[in-house]
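Enquirer: just coords:
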């Protein structure tokens, strides 16, 4: 056990998860614009971003419950670094709420709400992306020093348990696209058995079908 804790976890999966947010927010003008005049596609893209917002909330919740308290306890000299990241989470929370409202408005009103939604998602990205950069540079290395493999491994299960969207397999697929095969195997190993069975029985195929539709913007 001591050797496992000494080795520390492979925290490179955090950057892979962050790529989901980076890529999806960067694609907002293209994805939203591709739904102009198309009610069915607007519903598809709105649902995609609604699930992304739910995942961002779950992701931040996991960091706040699993990572930040342990870093403050075990590295008290780094408290200000951790509290800075927590403060950025609070900034992002308001922008997530604004984006969620814009998603709902766009889905209801159609094209007139498209510009507002794109602006809302871009505003979120303007604050979130620098936060992700800082987190990868400052928080993740600290976690690799003082957290155990088991503690880090709690993050996927926490995210699944607190996710409030309607397509958890969409999020799983987006993450797995950025993972190595070893990370994909570890992800499944830390999932509750029902979640793993869901992914293997229908989630992966559903993801592949849906994401092809989402990315078909031409």
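Expert: Sure thing, it's come through. Treat the numbers as computed from the prediction; the structure is a model and nothing was measured.

Enquirer: switch to C-alpha atoms for all contacts and neighbour counts from now on
Expert: Fine.

Enquirer: The residue nearest to residue 135 when sequence neighbours are not counted: which element?
Expert: In this structure, residue 135 finds its nearest non-sequential neighbour in residue 85, 7.0 Å apart by Cα to Cα, 6 or more residues apart in numbering. Using DSSP states H and E, residue 85 maps to helix 79-109.

Enquirer: so what does that helix touch, helix or strand wise?
Expert: Under the contact criterion of 3 or more Cα pairs under 8 Å, 6 or more residues apart in numbering; DSSP states H and E, helix 79-109 touches helix 39-62, helix 68-74, helix 114-134.

Enquirer: shaky segments in this structure?
Expert: 1-6, 218 (pLDDT under 70).

Enquirer: still on that earlier bit, would you point to the one among the helices and strands packed on helix 79-109 that's packed deepest?
Expert: helix 39-62 (a mean of 20; mean count of other Cα atoms under 10 Å).

Enquirer: If I take that one and helix 114-134, what angle do their directions form?
Expert: 30 degrees (axes from the mean of the first three to the mean of the last three Cα atoms, to 10 degrees).

Enquirer: Looks like residue 15 contacts residue 136 (just checking).
Expert: Yes. Checked against Cα atoms under 8 Å, the pair residue 15 and residue 136 is within contact range at 6.7 Å.

Enquirer: Report the buried residues of stretch 132-148.
Expert: Across stretch 132-148, burial judged by 16 or more other Cα atoms under 10 Å covers 132, 135-136, 139-140, 142-148.

Enquirer: can you list these in a markdown table and add secondary structure?
Expert: Shown next, in a markdown table, are these (DSSP: H, G, I helix; E, B strand; the rest coil):
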| residue | secondary structure |
| --- | --- |
| 132 | helix |
| 135 | helix |
| 136 | helix |
| 139 | helix |
| 140 | helix |
| 142 | helix |
| 143 | helix |
| 144 | helix |
| 145 | helix |
| 146 | helix |
| 147 | coil |
| 148 | coil |
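
Enquirer: May I see these organised as a markdown table, with distance to residue 182 added?
Expert: Converted to a markdown table, those look like this (distance: Cα to Cα, whole Å):
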| residue | distance to residue 182 |
| --- | --- |
| 132 | 23 |
| 135 | 23 |
| 136 | 20 |
| 139 | 23 |
| 140 | 19 |
| 142 | 22 |
| 143 | 20 |
| 144 | 18 |
| 145 | 21 |
| 146 | 22 |
| 147 | 20 |
| 148 | 18 |
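
Enquirer: and which of the residues you listed is nearest to residue 42?
Expert: Taking Cα to Cα as the measure, residue 42 sits nearest to residue 132 out of the buried residues of stretch 132-148, at 28.3 Å.

Enquirer: Figure out the helix or strand that the nearest residue to that closest one once chain neighbours are set aside lives in.
Expert: Nearest non-adjacent residue to residue 132, counting by Cα to Cα, 6+ apart: residue 18, 6.8 Å away. Assessed by DSSP H and E, residue 18 sits inside helix 13-26.
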